[in-house]
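Asks: Structure for this input, please:
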Amino acid sequence: MRALRFLQSTVLNLAAILGTVSVVAVVACLVLGLRPAIVISGSMEPQIPVGGMTFARTIPAADAEVGDVVTLPRPDGSGLVTHRVVGTEPGPGGATLLTLRGDANDTPDPQPYTVRQVGEVQLTVPVLGSVALFMQQNVLLVVGVLVLVGAFASLPLRPTPRRGSDGAGTAAPARRAQPA
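Replies: Down below sits the predicted model:
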(Lines give C-alpha, C1' and ligand atoms only; values in the text may rest on other atoms or scores of the structure.)
Protein backbone atom coordinates (compact mmCIF):
# COMPACT_ATOMS: atom_id res chain seq x y z
CA MET A 1 0.00 0.00 0.00
CA ARG A 2 2.85 2.36 0.87
CA ALA A 3 4.53 1.76 -2.49
CA LEU A 4 1.28 2.49 -4.33
CA ARG A 5 0.82 5.75 -2.40
CA PHE A 6 4.42 6.71 -3.19
CA LEU A 7 3.86 5.96 -6.88
CA GLN A 8 0.62 7.94 -6.92
CA SER A 9 2.29 10.88 -5.19
CA THR A 10 5.22 10.74 -7.62
CA VAL A 11 2.89 10.69 -10.65
CA LEU A 12 0.95 13.67 -9.29
CA ASN A 13 4.14 15.61 -8.58
CA LEU A 14 5.60 14.89 -12.02
CA ALA A 15 2.33 15.90 -13.69
CA ALA A 16 2.26 19.13 -11.68
CA ILE A 17 5.88 19.92 -12.58
CA LEU A 18 5.32 19.16 -16.28
CA GLY A 19 2.16 21.27 -16.33
CA THR A 20 3.90 24.17 -14.59
CA VAL A 21 6.91 24.01 -16.93
CA SER A 22 4.57 23.97 -19.94
CA VAL A 23 2.63 27.02 -18.75
CA VAL A 24 5.83 28.91 -17.90
CA ALA A 25 7.29 28.07 -21.34
CA VAL A 26 4.20 29.32 -23.17
CA VAL A 27 4.06 32.53 -21.12
CA ALA A 28 7.82 33.10 -21.59
CA CYS A 29 7.49 32.67 -25.37
CA LEU A 30 4.61 35.16 -25.45
CA VAL A 31 6.31 37.71 -23.21
CA LEU A 32 9.73 37.43 -24.89
CA GLY A 33 8.29 37.24 -28.41
CA LEU A 34 9.86 33.85 -29.15
CA ARG A 35 8.56 31.41 -31.76
CA PRO A 36 9.38 27.71 -31.52
CA ALA A 37 10.40 25.62 -34.53
CA ILE A 38 11.22 21.92 -34.77
CA VAL A 39 14.49 20.99 -36.49
CA ILE A 40 13.89 18.19 -39.02
CA SER A 41 17.17 18.13 -40.96
CA GLY A 42 20.82 17.83 -40.06
CA SER A 43 22.01 20.90 -41.96
CA MET A 44 22.94 22.74 -38.74
CA GLU A 45 24.54 19.84 -36.87
CA PRO A 46 26.28 19.58 -34.50
CA GLN A 47 25.20 22.95 -33.02
CA ILE A 48 21.50 22.33 -33.70
CA PRO A 49 20.70 18.60 -33.78
CA VAL A 50 17.86 16.92 -35.63
CA GLY A 51 14.92 16.71 -33.24
CA GLY A 52 15.88 19.87 -31.41
CA MET A 53 13.59 22.85 -30.95
CA THR A 54 14.75 26.38 -31.67
CA PHE A 55 13.25 29.53 -30.22
CA ALA A 56 13.60 32.61 -32.41
CA ARG A 57 12.85 36.31 -31.90
CA THR A 58 11.63 38.29 -34.92
CA ILE A 59 14.01 41.06 -36.00
CA PRO A 60 14.28 43.23 -39.11
CA ALA A 61 16.33 41.37 -41.73
CA ALA A 62 18.61 44.41 -42.03
CA ASP A 63 19.69 43.80 -38.40
CA ALA A 64 20.85 40.24 -39.14
CA GLU A 65 24.64 39.96 -39.10
CA VAL A 66 27.07 37.46 -40.58
CA GLY A 67 27.34 34.60 -38.11
CA ASP A 68 23.76 34.86 -36.79
CA VAL A 69 21.56 31.79 -37.01
CA VAL A 70 18.16 32.73 -38.44
CA THR A 71 14.88 31.04 -39.27
CA LEU A 72 12.83 32.18 -42.23
CA PRO A 73 10.26 30.82 -44.69
CA ARG A 74 11.52 28.90 -47.73
CA PRO A 75 10.86 30.78 -50.98
CA ASP A 76 8.60 27.96 -52.24
CA GLY A 77 6.48 28.13 -49.06
CA SER A 78 7.29 24.53 -48.10
CA GLY A 79 8.23 25.36 -44.52
CA LEU A 80 11.05 27.04 -42.66
CA VAL A 81 14.82 26.99 -43.02
CA THR A 82 17.21 27.60 -40.14
CA HIS A 83 20.73 28.42 -41.32
CA ARG A 84 23.65 30.71 -40.52
CA VAL A 85 23.97 34.10 -42.23
CA VAL A 86 27.12 34.14 -44.40
CA GLY A 87 26.32 37.29 -46.38
CA THR A 88 23.99 40.26 -46.23
CA GLU A 89 23.30 43.17 -48.57
CA PRO A 90 20.52 45.66 -49.20
CA GLY A 91 17.80 44.33 -51.47
CA PRO A 92 15.06 45.84 -53.61
CA GLY A 93 12.32 47.95 -52.05
CA GLY A 94 13.81 48.05 -48.55
CA ALA A 95 14.21 44.28 -48.29
CA THR A 96 17.49 42.58 -47.41
CA LEU A 97 19.28 39.85 -49.37
CA LEU A 98 20.60 37.18 -47.01
CA THR A 99 22.96 34.45 -48.09
CA LEU A 100 22.60 31.46 -45.77
CA ARG A 101 24.46 28.20 -45.24
CA GLY A 102 23.87 25.27 -42.93
CA ASP A 103 26.84 24.51 -40.67
CA ALA A 104 26.96 20.94 -42.01
CA ASN A 105 26.78 22.08 -45.65
CA ASP A 106 29.85 22.74 -47.79
CA THR A 107 28.23 25.49 -49.86
CA PRO A 108 25.73 28.29 -49.27
CA ASP A 109 22.08 27.84 -50.17
CA PRO A 110 21.57 28.13 -53.96
CA GLN A 111 19.71 31.44 -53.90
CA PRO A 112 19.85 34.39 -51.51
CA TYR A 113 16.68 35.07 -49.52
CA THR A 114 14.95 38.39 -50.09
CA VAL A 115 13.27 39.20 -46.76
CA ARG A 116 12.18 42.06 -44.54
CA GLN A 117 12.28 40.17 -41.25
CA VAL A 118 13.76 36.95 -39.88
CA GLY A 119 13.65 34.92 -36.69
CA GLU A 120 16.98 35.24 -34.88
CA VAL A 121 17.56 31.97 -33.01
CA GLN A 122 18.01 32.67 -29.31
CA LEU A 123 17.89 29.18 -27.83
CA THR A 124 18.00 25.55 -28.91
CA VAL A 125 16.73 22.66 -26.78
CA PRO A 126 17.85 19.21 -28.01
CA VAL A 127 15.19 16.45 -28.21
CA LEU A 128 12.30 18.79 -27.34
CA GLY A 129 11.31 19.02 -31.00
CA SER A 130 11.10 15.22 -31.28
CA VAL A 131 8.86 15.10 -28.22
CA ALA A 132 6.60 17.85 -29.61
CA LEU A 133 6.46 16.16 -33.02
CA PHE A 134 5.56 12.80 -31.44
CA MET A 135 2.78 14.46 -29.44
CA GLN A 136 1.45 16.23 -32.55
CA GLN A 137 1.40 13.00 -34.55
CA ASN A 138 -0.10 10.85 -31.76
CA VAL A 139 -2.70 13.11 -30.18
CA LEU A 140 -5.10 10.28 -29.31
CA LEU A 141 -2.34 8.26 -27.64
CA VAL A 142 -1.18 11.28 -25.63
CA VAL A 143 -4.73 12.12 -24.54
CA GLY A 144 -5.33 8.48 -23.59
CA VAL A 145 -2.18 8.37 -21.47
CA LEU A 146 -3.13 11.65 -19.79
CA VAL A 147 -6.60 10.29 -18.98
CA LEU A 148 -5.10 7.10 -17.52
CA VAL A 149 -2.56 9.04 -15.47
CA GLY A 150 -5.32 11.34 -14.22
CA ALA A 151 -7.53 8.40 -13.30
CA PHE A 152 -4.67 6.64 -11.48
CA ALA A 153 -3.66 9.80 -9.66
CA SER A 154 -7.20 10.41 -8.45
CA LEU A 155 -7.85 6.87 -7.15
CA PRO A 156 -8.62 6.93 -3.45
CA LEU A 157 -6.16 4.72 -1.63
CA ARG A 158 -7.80 3.38 1.52
CA PRO A 159 -6.78 0.33 3.45
CA THR A 160 -9.19 -2.57 3.12
CA PRO A 161 -10.90 -3.69 6.36
CA ARG A 162 -9.34 -6.67 8.07
CA ARG A 163 -11.24 -9.87 8.19
CA GLY A 164 -11.50 -12.20 11.15
CA SER A 165 -10.11 -15.72 11.03
CA ASP A 166 -13.53 -17.10 10.07
CA GLY A 167 -13.66 -14.97 6.94
CA ALA A 168 -16.33 -12.63 8.29
CA GLY A 169 -15.63 -8.97 8.72
CA THR A 170 -14.76 -7.68 12.15
CA ALA A 171 -17.78 -6.88 14.26
CA ALA A 172 -18.73 -3.35 15.13
CA PRO A 173 -18.21 -2.41 18.77
CA ALA A 174 -21.12 -3.25 21.04
CA ARG A 175 -23.39 -0.41 22.11
CA ARG A 176 -23.89 0.39 25.75
CA ALA A 177 -27.29 -0.13 27.14
CA GLN A 178 -29.16 3.04 27.94
CA PRO A 179 -30.41 3.37 31.55
CA ALA A 180 -34.15 3.21 31.75
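
Asks: only C-alpha atoms for contact and neighbour calcs from this point on.
Replies: Fine.

Asks: Let's test this: mean pLDDT of stretch 90-107, rounded?
Replies: The pLDDT scores in stretch 90-107 average 95.

Asks: which other residues reach that stretch?
Replies: With C-alpha atoms under 8 Å, 6 or more residues apart in numbering as the test, stretch 90-107 has contacts from 42-47, 61-62, 82-89, 108-109, 111-116.

Asks: Any buried residues in it, and which?
Replies: 95-103 (16 or more other C-alpha atoms under 10 Å).

Asks: Kindly report the same for stretch 61-72.
Replies: Neighbour-count burial for stretch 61-72 flags 61-62, 64-65, 68-72 (criterion: 16+ other C-alpha under 10 Å).

Asks: Format the residues you listed as TSV; extra columns: secondary structure.
Replies: Below are those laid out as TSV (DSSP: H, G, I helix; E, B strand; the rest coil):
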residue	secondary structure
61	helix
62	helix
64	coil
65	coil
68	coil
69	strand
70	strand
71	strand
72	strand
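
Asks: wait, which of those is closest to residue 152?
Replies: Closest approach to residue 152 among the buried residues of stretch 61-72 (C-alpha to C-alpha): residue 71, at 41.8 Å.
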